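# sharing a sequence plus its predicted fold:
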Amino acid sequence: MIARLRQLCRRLAVSGPATATDPPARPENAAAECARLGRQGEEAAARLLADKGFAILARNWRQGKLELDIICRDGETLVFVEVKSRRDGSLARPDEAMTPRKRRTLVRAAQAWLAATEAWSSPCRFDVVTVTAYGPNSLHLEHIPHAFALDDAGTAVDCGHAAWQPW
């Protein structure tokens, strides 16, 4: 039966039946749409933080493969903010994307930023802003201060910079 199905597929000039390991088909512009939602979410998150009185220091800071979405200051505390955006009806909530691996990557990126700016003496924390899109112009944002601690990130970091610093 499978041989006949494959033969029929060859006649119809298709590659064969999809297997369980094949990724689901996505429209060609799906990646562009995800990138647009991500940019829209980061812009809205930056406005939300600025409205709360945070001073935005940098956005989309990169060093190699490391990236920080938003770096800001809340009083004397440096805040590294990760923005997670999803459409309403997605299989997972935006905050569920903060896996232990992602947390470790954020810690490494924060260390790189602190080294690049020589800001090791500043107290720091990690926040998350979740963005849920309910339509083209309807976003719901939630700011989660102190979203995770270094123990939650599952990584050992250099502790020699300041006694009261979370590193």
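Arrived safely, thanks for sending. Numbers count the residues shown, from 1 in each chain.

# where along the chain do the strands fall?
Remark: strands assigned in the chain by DSSP state E are 55-63, 66-74, 77-87, 124-135, 138-144.

# of these, which stretch is the most buried?
Most buried of those, by mean neighbour count (mean count of other C-beta atoms under 10 Å): strand 77-87, with a mean of 22. Bear in mind the C-beta positions are built from the backbone N, C-alpha and C, glycine included.

# against which helices or strands is it packed?
Packed against strand 77-87 by the contact rule (3 or more C-beta pairs under 8 Å, 6 or more residues apart in numbering; DSSP states H and E) you find helix 30-51, strand 66-74, helix 100-117, strand 124-135.

# now do that strand, average pLDDT.
The average pLDDT for strand 77-87 rounds to 93.

# so what are the sheet partners of that strand and their directions?
Counting by DSSP bridges, the strands paired with strand 77-87 are strand 66-74 (antiparallel), strand 124-135 (parallel).

# thinking again about what came up before, among the strands of the chain, which is nearest residue 108?
Counting by C-beta to C-beta, residue 108 lies closest to strand 66-74 out of these; the figure is 6.0 Å.

# distance check, residue 61 against residue 97.
Going from residue 61 to residue 97 by C-beta to C-beta, to the nearest Å gives 19 Å.

# hang on, the earlier thing: distance to residue 46 added to the strands of the chain, as TSV?
Formatted as TSV, the strands of the chain follow (distance: least, C-beta to C-beta, whole Å):
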stretch	distance to residue 46
strand 55-63	6
strand 66-74	6
strand 77-87	8
strand 124-135	9
strand 138-144	11
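
# so which of the ones you listed gets nearest residue 110?
Across the strands of the chain, residue 110 has its closest neighbour in strand 77-87 (4.7 Å, C-beta to C-beta).
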